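K.L.:
would you be able to build a 3D model of this:
(chains A and B, ligands or ions: 2)
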Amino acid sequence: MAADFPDLIDTRALRIWIDDQFNWVVINFGEELELAFLPVLHLLNGIEDLLLWLPWYVVLVLISGLSYLASRSYAVLGGTALMMFLLGFFGMWEPAMATLALMLTATLLAVIIGIPLGIAMSRSDGLQSGMLPVLDIMQTMPIFVYLIPFVMLFGPGKIPALLATIVFAVPPVIRLTNLGIRHVDPEVIEAVTAFGATPRQKLFSVQIPLALPTIMAGINQTTMMALSMVVIASMIGAGGLGYQVLQGIQRLEVSRGLLAGLAIVFIAIIFDRIAQSYGRKMQQHLNTGG
Amino acid sequence: MSRKQTSEQPKIQIKNVYKIFGPDPQAALERAKQGASKTELLEESGHTIGIRDISLDMPAGETFVVMGLSGSGKSTLIRHINRLIEPTAGQILVDGDDVLQLDEQQLLDLRRRRMSMVFQRFALLPHKSVIDNVAYGLTVQGVERAEARERAVKQIELVGLAGFENQFPRQLSGGMQQRVGLARALATDAEILLMDEAFSALDPLIRTDMQDQLRELQATLHKTIVFITHDLDEALRLGDHIAILKDGELRQVGSPEEILLHPADDYVERFVRDVNRGRVVTVGSIVEHIPTLRLPELDPQKASAQLDQADGDTLLILDDDSRPVGAISRRFLEANAGRSASWWQDSSNLDEVHTVTRDSVIDEMLPYVSGSDTPAVVVDDEGQLVGVVTRSGAIDALAKVPEPEPGEPAGEQQERASA
Ligand SMILES: Nc1ncnc2c1ncn2[C@@H]1O[C@H](COP(=O)(O)OP(=O)(O)O)[C@@H](O)[C@H]1O
Ligand SMILES: [Mg+2]
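P.N.:
Ligands and ions are numbered 1, 2, ... in the order given. Next up is the predicted model:
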């Protein structure tokens, strides 16, 4: 192996400079940042506490009911109820609720951030061409890379885990909001313009409703990506099912890893079903008006 | 719909409007003004001429049809009126207001209250019910939902869709969807209706229905309608005036008859060649002069003198109010030369005449002249004489491939003929 690429610049110096800059931010603003993100932590803890405070059968019924409302299918209802039951049966109820809370909070915040960004992107070609490569990088960057700065800023814990999850999961909802709005039939847009609709009226009466199925697909992807982050997030203190997997690895307990892994899969299937059914229903509504 | 217009001011005026699509329209505009053709400009610099130097006056309360083949700039032209497209050069006036000078709020107001639009492919809101689609223009204006829906229901009834209020557009046929589009446009009570190939996407039978319905509505509403079409029959059925575009240029403007009888150039002529003129050309536009004599003055000598002087075969007899009461031919004159003065004063002894009003079309009067040498007599609304149409005159108008007449406006020619 010839490692003879010439040293054009001193990369070590560059790296040190970057690290120094970041350290300076951490030292000077670490506390303020932590304070600023405290509400987010409260939200996450609130959701987790709620899920754990509710009796397990109530949560089971609520989520199964949600899946039925979305799909109108008894098979989906039965499948969901069974999988929720198995979570508890495997002894994974508590970590599952922690994971669920992290996933829901991350998705909620990603949607709150992502939809306005997607809307802004859909209205400006300049912003779109600036954002698309950033989104590409965000999605291809190895997940671990996100952990470093967040851990340095906040120390290990739920806040960095949540923030890293949001950063990782937010691109699809931004992307598909942008795409959905841009793909709204230009003739319909022209018609509402001809009737004197303001940009705001256009957005809320036409663009968002017609883009909703696409936006829902984005939310679905965001949910799945948030879930896929839980194992890694648990390495910096997120707890939940990811932590069970991690312990399985550390203690070489195949069973623990397997059960926790299955629990993650169940949650993924349940929420994928729910989101997809909602998306399909909306699409149908647009196509047939039914 | 009451018309504010009292003066002769056109409702919509388009003045020397150019629209050029491409990276540098102003530069291309110079080239276009120097006379570069549409193809030249496209090959030179990738600019497309949408419309070139169009000036049109559209009178209030009329249906003004803009006709041309696909790509001739019709959609581009109509979109200048509500400023969906900004001109590269020129002026657009609505009720005398320069549309290009309007600020944002005034422009919204123009689109909300003073004009509305119907689209070729309907462009309904797929996620809203029929009633909410029709009410859309009103909700945009800020009308309360309940009131907007109430007014929408009336429009839905007007276009014959009562009972379909809660359906969604996809559940309706094309013709019904366009009725929704029409109701949506009518709901805002705007005085101007812009219709871009509104019926082109419909089946022929349904299209004819819609044309009839539009004519009925227009008879009571008196909107100023700008109607775009590529179909000459449709243009002739609906248009009070027709403008013909080719490659973004205005080739001719005129009434349907002017276009049929006096096409401005070869292009228009080829366009109108195959039209059944009998359904369009009114007798008023092909009347001929005929010698006349008033009944009280009628006696064989005077009649004979009058015929000689005019070198004609038929003399038309009028009452004191210029209404035709009968006709006399030379043969009739010879046969009855010896009759008494009182016999001549009895109009029932004269040859009968058939009268038609000046706005009947040739097809309607053809039966009266086809079997006889006596011309049909054309009268105005009061029954007074306008002129006559002879068999040969009618046949000429139907058969002749009209000559383009350079230098002589078609309108004037017609005035003279009917004077
Ligand atoms: N947005 C646009 N960009 C570039 N060229 C256009 C645009 N809109 C129309 N054109 C061109 O302008 C010409 C007139 O188009 P249009 O007004 O749509 O014609 P019509 O409605 O008569 O079919 C055509 O050559 C068309 O290609
Ligand atoms: Mg068009």
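K.L.:
any regions of chain B where pLDDT drops low?
P.N.:
When residues are selected by pLDDT under 70, those of chain B lie in B:1-7, B:400-419.
K.L.:
spell out which residues of it are next to ligand 1.
P.N.:
By the criterion of Cβ under 6 Å from any ligand atom, the positions of chain B lying close to ligand 1 are B:21, B:48, B:50, B:68, B:70, B:71, B:72, B:73, B:74, B:75, B:76. Where you see a C-beta, it was placed from the backbone N, CA and C, and this is true even at glycine.
K.L.:
the third one belongs to a helix?
P.N.:
No - with DSSP: H, G, I helix; E, B strand; the rest coil as the criterion, residue B:50 is assigned strand and is not in a helix.
K.L.:
related to what we said a few turns ago, now the residues of chain B next to ligand 1 as JSON lines including secondary structure?
P.N.:
Output for these, formatted as JSON lines (three-state DSSP):
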{"residue": "B:21", "secondary structure": "strand"}
{"residue": "B:48", "secondary structure": "strand"}
{"residue": "B:50", "secondary structure": "strand"}
{"residue": "B:68", "secondary structure": "coil"}
{"residue": "B:70", "secondary structure": "coil"}
{"residue": "B:71", "secondary structure": "coil"}
{"residue": "B:72", "secondary structure": "coil"}
{"residue": "B:73", "secondary structure": "coil"}
{"residue": "B:74", "secondary structure": "helix"}
{"residue": "B:75", "secondary structure": "helix"}
{"residue": "B:76", "secondary structure": "helix"}
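K.L.:
next, the buried residues of the lengthiest helix in chain A.
P.N.:
In chain A, ranked by residue count with DSSP state H as the criterion, the top helix is helix A:254-288. Of the residues in helix A:254-288, those scored as buried under the neighbour-count criterion (16 or more other Cβ atoms under 10 Å in any protein chain shown) are A:256-257, A:259-264, A:266-267, A:270-271, A:273-275, A:277-279, A:281-282, A:285-286.
K.L.:
what is it packed up against?
P.N.:
The helices and strands touching helix A:254-288, judged by 3 or more Cβ pairs under 8 Å, 6 or more residues apart in numbering or on different chains; DSSP states H and E, are helix A:56-71, helix A:74-89, helix A:93-123, helix A:208-228, helix A:240-251.
K.L.:
of the ones you listed, which is nearest residue B:388?
P.N.:
Between residue B:388 and these, the shortest gap by Cβ to Cβ is with helix A:208-228, which sits at 62.9 Å.
K.L.:
which residues touch whichever helix or strand comes after that closest one?
P.N.:
On the C-terminal side of helix A:208-228, the closest following helix or strand by DSSP states H and E is helix A:230-234. Helix A:230-234 has contacts (Cβ atoms under 8 Å, 6 or more residues apart in numbering or on different chains) with A:99, A:102-103, A:143-144, A:147, A:161-162, A:164-165, A:238, A:240-243, A:245-246, A:264.
K.L.:
same check, this time on stretch B:335-345
P.N.:
Residues contacting stretch B:335-345 (Cβ under 8 Å, 6+ apart): B:295, B:296, B:298, B:299, B:300, B:349.
K.L.:
what residues of that stretch count as buried?
P.N.:
Burial within stretch B:335-345, assessed by neighbour count using 16+ other Cβ under 10 Å, is assigned to residue B:344.
K.L.:
ok, stretch A:163-173 next?
P.N.:
For stretch A:163-173, a neighbour-count test (16+ other Cβ under 10 Å) marks A:163, A:164, A:165, A:166, A:167, A:168, A:169, A:170, A:171, A:172, A:173 as buried.
K.L.:
out of the residues you listed, which is nearest to residue B:241?
P.N.:
When the buried residues of stretch A:163-173 are compared for distance to residue B:241 (Cβ to Cβ), residue A:173 wins out at 53.6 Å.
K.L.:
and chain B, what are its domains?
P.N.:
In the assignment given by automatic domain parsing, the structural domains of chain B cover B:12-276, B:284-397.
K.L.:
please identify the most buried of the ones you listed.
P.N.:
domain B:12-276 (a mean of 19; mean count of other Cβ atoms under 10 Å in any protein chain shown).
K.L.:
quick one: mean pLDDT over the longest helix of chain A.
P.N.:
Averaging pLDDT along helix A:254-288 gives 86.
K.L.:
same question for stretch A:146-166.
P.N.:
The average of the pLDDT scores along stretch A:146-166 is 87.
K.L.:
gap between the two ends of it?
P.N.:
Its start and end residues considered, stretch A:146-166 measures 10 Å (Cα to Cα, to the nearest Å).
K.L.:
tell me which residues in it are buried?
P.N.:
Residues of stretch A:146-166 classed as buried: A:146-147, A:149-151, A:153-154, A:157-166 (neighbour count, 16+ other Cβ under 10 Å).
K.L.:
take those and keep only those in strands.
P.N.:
Secondary structure assignment by DSSP state E places none of the buried residues of stretch A:146-166 in strands.
K.L.:
and the lengthiest helix in chain B, what does it pack onto?
P.N.:
Using DSSP H, we find that the single longest helix of chain B is helix B:204-221. In terms of contacts (3+ Cβ pairs under 8 Å, 6+ apart), helix B:204-221 is packed against helix B:174-186, helix B:232-238.
K.L.:
check contacts around the residue nearest to residue A:202 when sequence neighbours are not counted.
P.N.:
Distance criterion Cβ to Cβ, 6 or more residues apart in numbering or on different chains; nearest residue to residue A:202, sequence neighbours excluded, is residue A:192 at 5.5 Å. Contacts for residue A:192 were tallied using Cβ under 8 Å, 6+ apart; they are A:201, A:202, A:205, A:206, B:125, B:136, B:140.
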